[in-house]
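Asks: dropping a prediction and its sequence here:
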Amino acid sequence: MVAGPRLAYSTNVLAVVGHTHQRQALSNLVRYERLPSSLLFAGIEGIGKHAIARELARQLLCQSLPAAPQGGCGECKPCKLFESGNHPDIHTLTFGTDGASVDDIRQILERLSLRAFMGTRKVAIFDNADSISMVGANCILTTLEEPRPENFFILIASNPSKLPSTILSRCQRWFFDRLSEDEIRSVLHARGASEEEMALAALADGSIGALSTIRARTEHADEIIAVLDAAWRGDLARITRAAQEWGAEKTTLAERLNFLRMQIRHRLVINASDPGAAAVWAHALQNTIDAEYVIIDRHVNPTLILLRILQGCSHEYATAYQMTPNRYPSILEALAL
Ligand SMILES: [Zn+2]
């Protein structure tokens, strides 16, 4: 069977979307042979950090360097091998649950100590580097401390603060922002997404990765949108029922909170020109961000927290909040945490 466009997309470096300035700057550094040997790509999940790392790697391994364009020429043997997943000088490890082990790291570092199979350069991509173990981090550190000029390391992390400072200090850090709604739409378009999926772009919170969660949980989506509408109307009975149901379902609570946050963020964006509504949604957004911490770390009853978030989403509250914002403390302030 021929691979469908979806599969082709996931490995094709040319499908990278957005982050134009950083990609151009990285490409120029390669061209002028000024690229540092260790890089850290930071930014939230699902915005294309891995794809950018691959784009950069392909340029580094392209035969037509230094003239190679951004992402490599795509025509030479190394570029073709790269695309087919068979280039011997690109090594990728993914950390996290069931991810790469310390032995995997040692194996790759050993291969990096040998001559390149093709050309001169070798590239290692460490995905979810923020989930690396202490022992693993120490292995990598030794190599980062004495880099060989032909080796390049790209560490990818959504939470770089979890990395040891010894590693952080040896990497040049590159930050990648959320994607715009239009950029998400163009990725979806390239993937041949349905109209229904395209409509979710506004709720993706700048992350392609978030879309799969949203798609899988559209039943939550419809329900959450309906409850937020009820909250805005001041329908206390409906929001109390929702807070009780959601609070009791421990397994789906994190997903619901996540979606609630995305939906509230969306309402904040579309109501930017209405100061009363914008204040309410901004306040609610802060509450949803705090909610996770309060529920998980402080073991506060989730129903209570959800009710507090939803109560703060009413039209009536919007008017009152605008006049006396100080009378409406955030969840953290109210609980004095
Ligand atoms: Zn090439």
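Replies: Looks like it came in fine.

Asks: give me the residues contacting stretch 329-336.
Replies: 283, 286-287, 290-291, 293-294, 298, 300, 305, 308-309 (C-beta atoms under 8 Å, 6 or more residues apart in numbering). Yep, even glycine has a C-beta here, placed from its N, CA and C like the rest.

Asks: quick one: secondary structure of the residue nearest to the spatial centre of the chain?
Replies: Residue closest to the average C-alpha location in the chain (C-alpha atoms, centre = their mean): residue 45, at 1.5 Å. Using DSSP: H, G, I helix; E, B strand; the rest coil, the structure places residue 45 in coil.

Asks: can you give me phi and psi for the nearest residue to it once chain neighbours are set aside?
Replies: With C-beta to C-beta, 6 or more residues apart in numbering as the criterion, residue 45 has its nearest non-adjacent residue at 4.4 Å, and that residue is residue 209. Phi and psi for residue 209, reported as degrees, to the nearest 10, are phi -60, psi -30.

Asks: same check on residue 124?
Replies: phi -120, psi 130.

Asks: my read: it touches residue 153, true?
Replies: Yes: counting by C-beta atoms under 8 Å, residue 124 does reach residue 153; the two are 5.2 Å apart.

Asks: any regions of this structure where pLDDT drops low?
Replies: 1-15, 212-219, 325-328, 336-337 (pLDDT under 70).

Asks: what parts of it come near the ion?
Replies: 62, 72-73, 76, 79 (C-beta under 5 Å from the ion).

Asks: now flag whichever of those is closest to residue 24.
Replies: Among the residues of the chain next to the ion, residue 72 lies closest to residue 24 (C-beta to C-beta), at 14.7 Å.

Asks: ok, now which ones touch the nearest residue to that closest one once chain neighbours are set aside?
Replies: Residue nearest to residue 72 in three dimensions, not counting chain neighbours: residue 62, with 3.5 Å by C-beta to C-beta, 6+ apart. By C-beta under 8 Å, 6+ apart, the residues touching residue 62 are 68, 72-73, 76, 78-79.

Asks: what are the phi and psi values at residue 62?
Replies: phi -70, psi 140.

Asks: please apply the same query to residue 49.
Replies: The phi/psi pair for residue 49 (degrees, to the nearest 10) is phi -60, psi -40.

Asks: can you verify my assumption that it contacts residue 176?
Replies: Yes: counting by C-beta under 8 Å, residue 49 does reach residue 176; the two are 5.6 Å apart.

Asks: coming back round to it: tabulate the residues of the chain next to the ion (CSV), appending secondary structure.
Replies: Output for the residues of the chain next to the ion, formatted as CSV (three-state DSSP):
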residue, secondary structure
62, coil
72, coil
73, coil
76, coil
79, helix
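
Asks: quick check, nearest of these to residue 277?
Replies: Nearest to residue 277 among the residues of the chain next to the ion is residue 72, at 48.0 Å by C-beta to C-beta.

Asks: isn't the closest one up against residue 61?
Replies: Yes: taking contacts as C-beta under 8 Å, residue 72 lies within contact range of residue 61: 7.0 Å.
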